[in-house]
Structures are given as structure tokens and as C-alpha cells.
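Enquirer: Take a look and give me a structure for this.
(chains A, B, C and D)
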Number of protein chains: 2
Amino acid sequence: MINLLSNLKIQVPDKIYIKDPESSKLGMRIIEDGIKLIDEVGFDDFTFKKLGSRIGSNESSIYRYFENKHKLLLYLTSWYWGWIEYQMVFATHSIEDKRQKLIRAIEMVTREVERDLTITHIDEVALNRIVINEYSKSYLTKEVDNANKEGYFVIYKRLVSRIRDMILALNPKYPFPSSLASTIIEGSLHQHFLKDHFQSITDCNKTVTPMGFFTDLTIKSIEA
Amino acid sequence: MINLLSNLKIQVPDKIYIKDPESSKLGMRIIEDGIKLIDEVGFDDFTFKKLGSRIGSNESSIYRYFENKHKLLLYLTSWYWGWIEYQMVFATHSIEDKRQKLIRAIEMVTREVERDLTITHIDEVALNRIVINEYSKSYLTKEVDNANKEGYFVIYKRLVSRIRDMILALNPKYPFPSSLASTIIEGSLHQHFLKDHFQSITDCNKTVTPMGFFTDLTIKSIEA
DNA sequence: TCAAAATTAACAGTAATACTATTATATTTG
DNA sequence: CAAATATAATAGTATTACTGTTAATTTTGA
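Expert: A predicted model of the protein is given here:
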């Protein structure tokens, strides 16, 4: 995987940006330091002005790449899900056993992420924290339906669909494959969040993982 | 239940507000129209200025009740979970069969809400939409840990704990009772949201309900 | 019932946000 | 090397999220 990825570019829906940030040095810094700054101060307190001064550039130059900070969040989270999707597809494609394939897929979408050193300008661990803390804000808006129509969530939806298909492959009669797939992905983010802030309402900690919980939940649900 | 509730006041942690909105006419209107306005324009576009002009009052008068709009959201969602908790406790307390008790509890926290006509100043249906669309924003902030320490989420956590206890009562050996309980509640909100905006990644629709999905999931998981 | 206390309305003001627009300078490309 | 493009610098605007002050109104309790 490691060497394969170095030649791959994660494709983000191009309507999300005005100018492709991967196409210039400034664009790369917007992504690189954008991730770091959002991770540090949180999305709510993040502004293009702060990012500009951090990268020694100007607020208005950043506006040439992204219409607003919400679009930047959509870019970052789309990239994240594209990266997860790639890893999941790669890790599962050669597994013939349907059960093992699904288990591996769940592992890939629920596990703790590690740095991908083939991609130098993106800190995936920080980005994972952003997804855990901020992803909901990308769709919990009055404009969801438009954003969805524009295709801003295709990658995420495709990832959910892939898991749904693996669930159906294992048990074609299971009545809630899409809901289970979306629950695994969203629920995993939520359990990671609870583990860090609300330990009393989760079992996840250093030894119990969201992966363990969702694997158990899935297998029992569809094999029962 | 209907007549019982009319004499009950849902207790919201008092650190959330500066002055108890239930203690005055203006306070009641802040709650009543606050719900309507947030429901209409969304929490992000909601301001005290808009609410003030809507209720024929002044921005700064609202600041006497709530420090900021985030606190108002915490108040509304705490009230909502307190209301759900009350209904759940009431609906389950006389059920002896552990399995039936848990199923009923899941029903109460996942079902579509209906107006409670004993409470005139709160539109629970609109409030339910607010919880679905905005609840995450109440805790996905850099200040979660402080807010949690101040007790702003006690009601929600208590509700999750009640369901965890019912899960454990049914199967004391089930290894993920807290995670399952929190997944039922959070996941149900999420499925309701998907049903309205992302039909392709949920099975929920007019006939299939989040209730059906989570009941199946829970029973299979803990009885397997 | 009258005075004090509390509440609310009205108004003014501030720092920050989320932009847009313009111009000048630097860099890239054909 | 000229033209095109990208970026930096600056200025400006409407709105937000407040705080503070004063005046009017309502509540209360002696």
C-alpha cells in the first residue's frame, strides 16, 4: 500500500474548491496548516484570517481557493473519507471469505488512524481528530440538501454503500444493511469522541475499542 | 401520563441559565419562540437579535436569561432529554419482563415524537427536529470538558445509563452495555436525519423506522 | 398603597467575523 | 520577454456577539 499510495491522488469533488489546493504551494500550505489550526483551535474558532497569518499569507488569497471555511471543512473531510475508502478497498479486495472481508472492512473504518508517511502535507492523525470533532458540522446545516445535490458527500456515501454491500453479501436477507453500515461509520466516530470526553456512557477505553464493539454488533446482528 | 405531567416541571441544570426562563412571561416567550426560530432558520443563523425582534423584546433582555445562544441550546436539549427520560421511566416502570421493558425503553427514545398538549409553551415536535439537527453542536466544542464538569449533560448521561442498566438486567454478561445504549440514542437521531436528507445510506423511511432497526440490533446483540 | 426593588426596553458602542473589491507586485508560461 | 496568472497588501462593509447605561415599567412587601 505504502508505495502505491505515493502515486495516487485522492480525488475530492471539484465543486468543493474554487482552485485546486493541490495545484500550488500556497494551496498545499492551506491544507497542511488548515488541518493543524482547526485541530488546535476547533472549527468554530478557526478563521481564514488566522490561517493567513499562520502561513504568512493573506486572508483574501485563501478565498481564492475556498469560498468559505465550511467548504474547506468539506474538502478536508472528503479527502479523509477518500483516504479511508482507498485503504479499506485495498485491505479487503483480496479476501474471499465474506465474513472476513466484512470484518476487515469494519476494522479499517473504525480503527485508530496512524500517520501515512507517503503523504507529507497531510497529518492524518490530526485530520482524524477533526473528523471526530467536526464532521457532523459539515452536514448539519440548513443547506444540506443543496450540498448533497452538488455532490459534496459522494465519497462518504460510497464508503457506506461499500459496507452495505459487504453486509448484504454475507446475509442477503438482513433487513437493515444501509442503516447498519451508516451506524458503524458514524457510531464509531461517536464512540471515539465519548472515549475522550464522556467515559461514563461508553465502554471504549484503552483496551475496549470501537472496532471491537462494532464488529461484535455487526456479526451478531446479521448472523443471528 | 397526560395529567401527571401537567404538574411536573422538567428540571434543567440551573447553571445553564442566568435567570430561570420558566419564572417569567418573557422567559417563557424566549423558550417558546426560541424553539420556533431555531427550527426555522437553524441554530447557526439564529441570533438573540432576531429572537428579540420576533418576541417584541430587546436583545439585551434575552442576555439576562442566557449567557449566549449556545447556553440556550443546552437548555432546550436538556429539557428535551428530561422530557424523554420522564416518558421513558413512566412507560417502563410497571413492566416486569426485562425484555419487554428494554424494548419499550428503546421505543420511547427512538420513536417519532408527538406534541404533548399538557405543555403549552413548548412545541416538542419542533424541539425534536432541533435535537436531530443541532444536538451534536452542543457538545462538539473545545469547551466540552468544562461544560461536562459543570453538569450540563447530566440528564442525557442519566438517560443513557438507564438504558445501559436495562441492557445489563437482560444480559449481565454483555460486554458493551454503555456503548450500545449511547449508540441507540445517538444513532437514532442520526437515522432520523438520514431519512430526511440521505435516503441512500439508510433503510429508514415511511415503513421502516429507526425504532425497528435499533430494537432488532439490540435484541440480537445481547441475546446472541 | 406607596416606595423600593427588580425587570425590561431602548439605545449606544465595541471587537471580531466573514466576507468583497481594488491595486500593486511577483511568478509562471508560451 | 510579454502576457497571463497568482499572490500580497490594503481598505472597506454588514453582521455578529456581545457589554454597558439609562429610563421606563412592573412587582413586591411593609
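
Enquirer: Tell me how many other residues surround A:Ser53.
Expert: 12 (other Cβ atoms under 10 Å in any protein chain shown). Where you see a C-beta, it was placed from the backbone N, CA and C, and this is true even at glycine.

Enquirer: now do A:Ile95
Expert: 15.

Enquirer: Next: A:Phe153.
Expert: 24.

Enquirer: OK, contacts around it?
Expert: A:Ser78, A:Tyr139, A:Ala147, B:Phe198 (Cβ atoms under 8 Å, 6 or more residues apart in numbering or on different chains).

Enquirer: A:Gly27 and A:Ile18: what is the separation?
Expert: For A:Gly27, the distance to A:Ile18 equals 10 Å [Cβ to Cβ, to the nearest Å].

Enquirer: which one of those two has more residues nearby?
Expert: A:Gly27 (20 against 13).

Enquirer: Please report how far A:Ser60 lies from A:Phe66.
Expert: Counting by Cβ to Cβ - A:Ser60 and A:Phe66 are separated by 12 Å.

Enquirer: what about the longest helix belonging to chain A and chain B, touching?
Expert: Counting residues, the longest helix found in chain A (DSSP state H) is helix A:69-92. No: under the criterion of Cβ under 8 Å from any Cβ of the partner chain, helix A:69-92 makes no contact with chain B; the nearest approach is 9.6 Å.

Enquirer: Let me know whether that helix sits next to DNA strand D.
Expert: No: Helix A:69-92 stays clear of DNA strand D (Cβ under 7 Å from any atom of the strand), getting no nearer than 13.7 Å.

Enquirer: Skip ahead from that helix and say which helix or strand is next.
Expert: Using DSSP states H and E, the helix or strand that follows helix A:69-92 in sequence is helix A:98-110.

Enquirer: who's more crowded, A:Ser60 and A:Phe66?
Expert: Between A:Ser60 and A:Phe66, counting by other Cβ under 10 Å, A:Phe66 is the more crowded of the two (22 against 10).

Enquirer: so where does that one fall, helix or strand?
Expert: Using DSSP H and E, no helix or strand contains A:Phe66.

Enquirer: can you pull the contacts of the nearest residue to it once chain neighbours are set aside?
Expert: Computed as Cβ to Cβ, 6 or more residues apart in numbering or on different chains, the closest residue to A:Phe66 that is not its neighbour in sequence is A:Leu72, at 4.5 Å. A:Leu72 is in contact with A:Ile30, A:Gly34, A:Phe66, counting by Cβ under 8 Å, 6+ apart.

Enquirer: Need the per-residue pLDDT for A:Leu72.
Expert: Note for A:Leu72: predicted pLDDT of 95.

Enquirer: any idea how far chain B is from it?
Expert: 16 Å (Cβ to the nearest Cβ, to the nearest Å).

Enquirer: who in chain A is up against DNA strand D?
Expert: A:Lys19, A:Ser24, A:Lys25, A:Leu26, A:Gly27, A:Gly56, A:Ser57, A:Asn58, A:Glu59, A:Ser60, A:Ser61, A:Arg64.

Enquirer: how close does the third one get to A:Ile55?
Expert: What that stands for is A:Lys25. Counting by Cβ to Cβ, the gap from A:Lys25 to A:Ile55 is 10 Å.

Enquirer: Comparing these two, which residue is more hemmed in?
Expert: Higher neighbour count among A:Lys25 and A:Ile55: A:Ile55, with 19 against 7, using other Cβ under 10 Å.
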